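A.B. asks: I would like to see how this sequence folds:
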Amino acid sequence: MSSNEKKAATLGMPHGTATGKLRKNILFFLLKKHGENICIRCNQLIETVDELSVEHIKPWEGRSAELFWDLQNIAFSHMVCNRPHRDGGIDNRIECPVGTSWCHRCKAFLPVDRFHKLASRYNGLANKCISCKLSGDTRPNHAKKD
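C.D. replies: Here you go, the predicted structure:
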């Protein structure tokens, strides 16, 4: 029996797979220890290692190897919040500064606490701020009838 076969028999999975899981467990342990287990997309707590996803803030594929390796371009999210970036202008989402979301009616970045949660959206937040939602006015920028 080879060394790799012995390791796989002991671990119940290939050694490479076990090593990857161990690294993810270590990363999650350290994120929790330092209070950094917050999802970059929905700003909610990442509670288990199975929910943890490492993602690039700005897309790198087909654009820049530097963005892939740039640690300032790395963030953590829930697996369900981490959606692939799309090329070719197919995805016209506005890239929001951390802790904000885009209100489609105000046409402005606002703090995430000014939005209702909406699990079906890519960032977990409604596309209009609470004020816009409550105003009931469907025209841009809170325009009022005269």
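
A.B. asks: And the helices in the protein?
C.D. replies: Taking DSSP state H, the helices of the chain run over residues 3-11, 15-33, 65-69, 130-135.

A.B. asks: Any idea which of those helices gets closest to residue 96?
C.D. replies: Among the helices of the chain, the nearest to residue 96 by CB to CB is helix 130-135 (16.2 Å). Placement of C-beta: from N, CA and C, glycine included.

A.B. asks: coming back round to it: including mean neighbour count and distance to residue 115, could the helices of the chain go into CSV?
C.D. replies: Formatted as CSV, those follow (neighbours: other CB atoms under 10 Å; distance: least, CB to CB, whole Å):
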stretch, mean neighbour count, distance to residue 115
helix 3-11, 12, 44
helix 15-33, 13, 25
helix 65-69, 11, 28
helix 130-135, 14, 7
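
A.B. asks: According to the record, where do the domains of this protein fall?
C.D. replies: Domain assignment for the chain, taken from automatic domain parsing, gives 1-81, 93-146.

A.B. asks: Give me the below-cutoff pLDDT ranges for this structure.
C.D. replies: 83-94, 120, 137-146 (pLDDT under 70).

A.B. asks: Quick one: the strands in it, in order.
C.D. replies: Using DSSP state E, the strands of the chain run over 52-56, 74-78, 100-103, 108-111.

A.B. asks: In the first one, which residues are buried?
C.D. replies: Buried residues in strand 52-56, defined by neighbour count with 16 or more other CB atoms under 10 Å: 52, 53, 55.

A.B. asks: what does that strand contact?
C.D. replies: 24, 27-28, 31, 37, 40, 46, 67-68, 73-79, 81-82, 85 (CB atoms under 8 Å, 6 or more residues apart in numbering).

A.B. asks: make it 7 Å
C.D. replies: 24, 28, 46, 67-68, 73-79, 82 (CB atoms under 7 Å, 6 or more residues apart in numbering).

A.B. asks: Kindly present those as a markdown table, with separate columns for distance to residue 118.
C.D. replies: Shown next, in a markdown table, are the contacts of strand 52-56 (distance: CB to CB, whole Å):
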| residue | distance to residue 118 |
| --- | --- |
| 24 | 28 |
| 28 | 26 |
| 46 | 19 |
| 67 | 29 |
| 68 | 31 |
| 73 | 26 |
| 74 | 26 |
| 75 | 21 |
| 76 | 21 |
| 77 | 16 |
| 78 | 15 |
| 79 | 18 |
| 82 | 17 |
